[in-house]
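Visitor: Have a look at this fold, sequence not included:
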């Protein structure tokens, strides 16, 4: 919910706090409420109910789509961020808990005293999270299960509180089991713990942990171990050169560094996408340059080439004595077999070319024209990153219809230029036009080809275009269009533009 | 029509004898540096002609433009060029950068061609730079085309030098009022390997084929070549 609010504010569409807002996900019988804000909760909107029912309850409810995958990724990033308090940090699995089972679990054993005790650590965590714009409910308990329960159902910032008065839903059980236990009269964890184990074991012997209150109870009390296993940190590919004397130019050490880095990459079956060369100066300053590859690469000569013209940008000061080359971003890359005939792989060679050109002239200069699904000529092609995968087939013809090969000019002006036109009939082709102070008399024409504005992305009032391919008496062929019709009610007399030149 | 069609060649299927006699350009005959000087207003024609010469190879084309060329005559349009292969477009501001990028591109043998467009006569386009391009193109086996817009044909190391001008298009098969297949007046005025000549080129877009008709009537040669050309074409 807070992530959504932030996104709205970034888009400049922030809503007032007292407006009821809910996020929905698709359920079995239509959309279901996934998260609500405070105003909606006060209006009686509950999580898990259907959107249609809640609209009846609260007519002003504004519903937007939730983004569970984005939430999951954000939580993973937050877990990495939360390693500042202790290394054993894991983002809880989304599907694990029943009612909103997402959260962070930190195994703070042995690290709380570094923050001045448990209460001080919790206060520090809350301050840090609220600085990020995230509200959090924190609790500290000896086991994962107890901490989970206290964080959701316990008092604010509970530290090792007694979980027995909490409802049974705090045991991380699924909805059916909670309902069953409630029907049996077992409202709280204390009620459940008072029962003889044998009866519970007989009743729930075959259930999975999410449906088995006995296992969950044991996990909460610590009879069953439930260790926290954080995800492994991605490997760091880094090569260092420690120098006896400070130097000013890293060029002669670069090949050895690249070779060392490529050895590490080859062992990990990875290829570098980004490279960062850092020099640590003797006066304590740090200076770095970065480079990027179009495709993962671990060719030492190529990586060294990427830095060839950029070493001048390093501010060497009075010299540096430690150079480190690392690959902050690496991607999996198998072992490539060279061509038996001695040639090299065409794809690798192309990617090296793209890297060389990008390093030299900047990322904006080089682009690959990709066809896009649009009829508007300037939108039918997009500048894409070179060597990106081509998108799906653009503008698939409807089944049964023959594919229409539209006549397009060989050259397209970036901005259509207005021309002055003489015509015989307003709807027809021009008889004569003036472009860049030259008068062209039209001898032959083809058209019109009418292209209507795309209402889903054009602003209202955009006029349609009638394209003509015309030829003048010398043999120049142009692509003109008339913007709008004389009486379409979207402005005055239609204007004419020159948009492209034919071969 | 102001030219008398005397000899007709179909470039993909021409015999060695025809090639020796009047030498219409064969596709990828030799990967080398060629310059083409479009007449004012025929810049798009130059682009179309260059692509017919590059031919249908499933490799990407690197197309480099300087800013003046892009602003004056627009950028190449993928749909209009009929490309079913990647077009890598590079838009640079200075002509000297265009020459450097073209040289860099010619180091890569995975390209079908490098096309560089430069407008005007900048000092960066000199004999030495052109010589470097020519040597690189021949070493890598990648044809390099230099479209020199609004330029004078000075001293140059290009192996082939062309001029191209506009001509009224051929008749449209379905619509008499509409322009049909494009036609250009093509002149090869300097060539190291072939013979200079002047042709009327007609780009048959349906078959993606360039038909060349000798523009200068030359009695004996045209007669013989014309027979041979018709013989192979049919």
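Guide: Everything's here; your move. What you see is a predicted model; the values in this text were computed from it and never measured.

Visitor: you'd agree residue A:146 is up against residue A:166?
Guide: No. Using C-beta atoms under 8 Å, residue A:146 is not in contact with residue A:166, being 9.4 Å away. Quick note: C-beta positions are derived from backbone N, CA and C, even for glycine.

Visitor: Name the residue in these two with the higher neighbour count.
Guide: residue A:146 (26 against 21; other C-beta atoms under 10 Å in any protein chain shown).

Visitor: Using the three-state scheme, assign that one.
Guide: Following DSSP: H, G, I helix; E, B strand; the rest coil, residue A:146 is assigned to helix.

Visitor: and it, what is it in contact with?
Guide: Residue A:146 is in contact with A:163, A:220, A:221, counting by C-beta atoms under 8 Å, 6 or more residues apart in numbering or on different chains.

Visitor: Looking at it now. What's its pLDDT?
Guide: According to the prediction, residue A:146 has pLDDT 84.

Visitor: how close does it sit to residue A:220?
Guide: 5 Å (C-beta to C-beta, to the nearest Å).

Visitor: quick one on the thing from earlier: nearest to chain B among the contacts of residue A:146?
Guide: Each of those was checked against chain B using C-beta to the nearest C-beta; the closest is residue A:220, at 59.3 Å.

Visitor: The closest one against residue A:168, yeah?
Guide: No. Contact criterion C-beta under 8 Å: residue A:220 and residue A:168 do not qualify, at 11.2 Å.

Visitor: The two: who's more crowded?
Guide: residue A:220 (27 against 24).

Visitor: Run through the residues that contact the more buried one.
Guide: Residue A:220 makes contacts with A:143, A:145, A:146, A:149, A:163, A:171, A:189, as judged by C-beta under 8 Å, 6+ apart.

Visitor: could I get those as CSV with secondary structure and distance to residue A:199?
Guide: Shown next, in CSV, are those (DSSP: H, G, I helix; E, B strand; the rest coil; distance: C-beta to C-beta, whole Å):
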residue, secondary structure, distance to residue A:199
A:143, coil, 23
A:145, helix, 21
A:146, helix, 23
A:149, helix, 22
A:163, coil, 21
A:171, helix, 17
A:189, helix, 16
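
Visitor: Please identify the buried residues of the longest helix along chain A?
Guide: Longest helix in chain A, counting residues (DSSP state H): helix A:346-361. In terms of neighbour count (16 or more other C-beta atoms under 10 Å in any protein chain shown), helix A:346-361 has its buried residues at A:348-361.

Visitor: tell me, which of those residues make contact with chain B?
Guide: By C-beta under 8 Å from any C-beta of the partner chain, the members of those lying near chain B are A:349, A:350, A:352, A:353, A:354, A:356, A:357, A:360, A:361.

Visitor: Please tell me the pLDDT value assigned to the fourth one.
Guide: Right, residue A:353. 89.

Visitor: Now the nearest residue to it once chain neighbours are set aside: which helix or strand?
Guide: Leaving aside its sequence neighbours, residue A:353 sits nearest to residue B:108 (C-beta to C-beta, 6 or more residues apart in numbering or on different chains; 4.0 Å). Under DSSP states H and E, no helix or strand contains residue B:108.

Visitor: how many neighbours does residue B:108 have?
Guide: Residues near residue B:108, counting by other C-beta under 10 Å, number 23.

Visitor: what's the answer for residue A:59, then?
Guide: Around residue A:59 there are 9 other residues, counting by other C-beta under 10 Å.

Visitor: Look up how far residue B:179 lies from it.
Guide: 61 Å.

Visitor: likewise residue B:67?
Guide: Computed as C-beta to C-beta, the residue B:67 to residue B:179 distance reads 30 Å.

Visitor: do the same with residue B:82
Guide: Counting by C-beta to C-beta - residue B:82 and residue B:179 are separated by 17 Å.

Visitor: Comparing these two, which shows the higher neighbour count?
Guide: Remark: of residue B:82 and residue B:179, residue B:179 carries more neighbours, 23 against 15, as counted by other C-beta under 10 Å.

Visitor: The more buried one bridge partners, please.
Guide: Per DSSP bridges, residues listed as beta-bridge partners of residue B:179: residue B:171.

Visitor: Hmm, it is touching residue B:166, no?
Guide: No. Applying C-beta under 8 Å as the test, residue B:179 and residue B:166 come out as separate, 11.4 Å apart.

Visitor: Tell me which residue is most central in chain B.
Guide: When C-alpha atoms, centre = their mean is applied to chain B, the residue found nearest the centroid is residue B:50 (3.4 Å).

Visitor: ok, that one - contacts?
Guide: Taking C-beta under 8 Å, 6+ apart, one finds B:36, B:113, B:115, B:145, B:147 in contact with residue B:50.

Visitor: which stretch of helix or strand covers it?
Guide: Assessed by DSSP H and E, residue B:50 sits inside helix B:43-54.

Visitor: Give the buried residues for stretch A:268-285.
Guide: A:268, A:270, A:271, A:272, A:273, A:275, A:276, A:277, A:278, A:279, A:280, A:281.

Visitor: For the residue nearest to the third one when sequence neighbours are not counted, give its distance to residue A:169.
Guide: Nearest non-adjacent residue to residue A:271, counting by C-beta to C-beta, 6+ apart: residue A:296, 2.6 Å away. Relative to residue A:169, residue A:296 is positioned 47 Å away (C-beta to C-beta).

Visitor: where does chain A dip in pLDDT?
Guide: By pLDDT under 70, the weakly predicted segments of chain A are A:1-2, A:5-6, A:8-15, A:93-101, A:337-345, A:389-405.

Visitor: Between helix A:346-361 and the host helix or strand of the residue nearest to residue A:271, find me the angle.
Guide: Following DSSP H and E, one finds residue A:296 within strand A:286-297. Calculated by axes from the mean of the first three to the mean of the last three C-alpha atoms, to 10 degrees, strand A:286-297 forms an angle of 150 degrees with helix A:346-361.

Visitor: Identify each buried residue in strand A:286-297, please.
Guide: So for strand A:286-297, counting by 16+ other C-beta under 10 Å, buried means A:289, A:291, A:293, A:294, A:295, A:296, A:297.

Visitor: quick one on the thing from earlier: now do the residue nearest to residue A:353, the pLDDT please.
Guide: Looking at residue B:108, the pLDDT reads 88.

Visitor: Quick check: can you list the domain ranges of the chain?
Guide: Unless you meant another one, I'm taking chain A. Domain segmentation of chain A under automatic domain parsing yields A:2-66, A:79-221, A:237-336+A:345-359, A:411-502.

Visitor: oops, I was thinking of chain B
Guide: Following automatic domain parsing, chain B resolves into domains at B:1-24+B:169-234, B:30-158.

Visitor: Quick one, which of those domains gets closest to residue A:73.
Guide: With C-beta to C-beta, the closest approach to residue A:73 among these belongs to domain B:30-158: 31.3 Å.

Visitor: Now stretch A:120-137: buried residues?
Guide: Within stretch A:120-137, the residues that count as buried by 16+ other C-beta under 10 Å are A:121, A:122, A:125, A:126, A:129.

Visitor: Residue B:180: how many residues sit nearby?
Guide: Using other C-beta under 10 Å, the number of residues around residue B:180 comes to 20.

Visitor: which ones are touching it?
Guide: So residue B:180 contacts B:169, B:170, B:171, B:172, B:173 (C-beta under 8 Å, 6+ apart).

Visitor: Need the pLDDT of it.
Guide: You'll see residue B:180 listed with a pLDDT of 90.

Visitor: Now do the SS call for the residue positioned nearest the centre of chain A.
Guide: Centroid check for chain A by C-alpha atoms, centre = their mean gives residue A:70 as the closest residue, at 7.5 Å. Following three-state DSSP, we place residue A:70 in the helix state.
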